[in-house]
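In: Any chance you can model this:
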Amino acid sequence: METRKIQQVSNGTFTVSLPREWATEQGLSAGDVVDLHAHLDGVLVIQTDDAEIDELRVSLSCDERPGRLRRVLEAAYATGAREIRLEGDGQLPSDHRTAIRSAVRAMAGVTIGAETDEHVLVQSVLDADAVSVRQSLRQLQFVALSRHRTATSALCDPDQSLDSVGGGTSAERCSAMIERYFVRSLTRLDEVDTLGESRLDLFRFYRTARELANVAAHAEQIANIAVEVDADAFGREDPSDTTAAIEAAAADAREAVEVAADAVAGPSPGDLWSVFERRDAVRQSVDAIERRLFETAGADYRVAQAVAAIRQTADCAASIAEVGVRRAVREGVRGDDPAAAIGPDGDTGSRVADGAEE
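Out: Model prediction:
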């Protein structure tokens, strides 16, 4: 770290000289323009225009597998580049173009701007001032929990249609977009100002989005099993008790996710400790259901896999709640019931540690 003396010029403006070594590394000289970002924490940041990724070039091999190509494009999208230029070492095969178009359709805020025989240019069409990361997180929460609810009901009632389950693409789009703008906020501080969220909040939203995407993935797993199994999957005995227990455990897991996500994105944290308590209760219920399935003749092992996905959903809720607890501690929030927020022993640290370790 260097220290610099503040000087005042004749018109009253304060000036600070820039380190020559830093200016040389950035390619700056007299007359160049830089951006100044003043933050609420008292930090003033100087940033050059080169910090933004305008175009990202990705070289492709003509024998690249389409599945791998999709992953490369998704990774490029996550960098936050405004333009992604996919170039082949020759003419791009038709299956590559098909994979690129399919991947772009699943991404929010980008489109194919131009293409030739040798390259495809993917361009951003959504500026940060048109994006609400907080609202996108809410949408992701709604999609993930709705899919989870429908999938679990279909598992317990084979006669129920699964037409309403299929929001996987929507959940992936929301999660990927949140990650994209979080990454952009790391490289361009003016993006933070445009998004209208603090850097800390954007990080919280990014972590929560990752867990909500996992909830959506668990819902997809339950839905796939619900399609595969039949009414005899719960064994030869009356399955009503087992299905009721599954529905109850799934409802508790979803409630835990909702409370935790609200604590992260809402105006103030709620009763976060109830999330950890629900998570523990779901674990106990799932353990009992798994034992019942194991002891029931003719039970399909895939039902146990679906039940395990409910346990993992509750674990996602606890991970989101950890983010909310850190927010509450940082902001000094105690909630409506101080005893409930702090814990019966009056020690916030021990309860936070208990939740984090589990």
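In: C-alpha from now on. contacts and neighbour counts both.
Out: Fine.
In: Next up, the contacts around the most centrally placed residue in the chain.
Out: The centroid of the chain falls nearest to residue 209 when counting by CA atoms, centre = their mean (2.2 Å). Residues in contact with residue 209, defined by CA atoms under 8 Å, 6 or more residues apart in numbering, are 137, 140, 175, 178.
In: can you redo the residues you listed as a markdown table with pLDDT?
Out: A markdown table is the format used below for these (pLDDT from 0 to 100):
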| residue | pLDDT |
| --- | --- |
| 137 | 95 |
| 140 | 96 |
| 175 | 94 |
| 178 | 94 |
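In: Make JSON lines out of those residues and add secondary structure.
Out: Shown next, in JSON lines, are these (DSSP: H, G, I helix; E, B strand; the rest coil):
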{"residue": "137", "secondary structure": "helix"}
{"residue": "140", "secondary structure": "helix"}
{"residue": "175", "secondary structure": "helix"}
{"residue": "178", "secondary structure": "helix"}
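In: Of those, which pair is most distant in space?
Out: 140 and 178 (9.8 Å; CA to CA).
In: which parts of the helix or strand where residue 213 lies are buried?
Out: Assigned by DSSP states H and E, residue 213 belongs to helix 199-228. Within helix 199-228, the residues that qualify as buried are 199, 201-226, counting by 16 or more other CA atoms under 10 Å.
In: One more: stretch 238-249?
Out: Buried residues in stretch 238-249, defined by neighbour count with 16+ other CA under 10 Å: 239, 242-243, 245-247, 249.
In: now swap in stretch 261-273 and tell me
Out: Buried, per 16+ other CA under 10 Å, within stretch 261-273: 261-265, 269-273.
In: Pass me the low-pLDDT residue ranges in the protein, would you?
Out: Confidence mapping of the chain against pLDDT under 70 gives the ranges 39-42, 49-55, 60, 62-63, 162-168, 268-270, 333-358.
In: what does the domain assignment say about it?
Out: 7-50, 55-127, 130-357 (automatic domain parsing).
In: where do the helices sit along the stretch 201-350 of the chain?
Out: For the stretch 201-350 of the chain, helices defined by DSSP state H, counting those that start in this stretch occupy the ranges 240-265, 273-295, 301-331, 338-342, 348-357.
In: how close does the residue nearest to the centre of the chain sit to residue 177?
Out: 10 Å (CA to CA, to the nearest Å).
In: Please apply the same query to residue 229.
Out: In terms of CA to CA, residue 229 sits 34 Å off from residue 177.
In: When these two are compared, which one has more neighbours?
Out: residue 177 (24 against 16; other CA atoms under 10 Å).
In: Please tell me I have it right and that one contacts residue 107.
Out: Yes. Under the criterion of CA atoms under 8 Å, residue 177 makes contact with residue 107 at 7.4 Å.
In: Measure how buried residue 298 is and give me the count.
Out: Count around residue 298 with other CA under 10 Å applied: 14.
In: Please disregard the earlier target; I meant residue 27.
Out: If we define neighbours as other CA under 10 Å, then residue 27 has 11 of them.
In: cool, residue 45 as well?
Out: Residue 45 has 11 nearby residues by other CA under 10 Å.
In: Might you calculate how far the helix or strand where it lies sits from the centre of the chain?
Out: Per DSSP H and E: residue 45 is located in strand 44-47. With CA atoms, centre = their mean, to the nearest Å as the basis, strand 44-47 stands 28 Å off its chain's centre.
In: go on, stretch 204-212?
Out: 4 Å.
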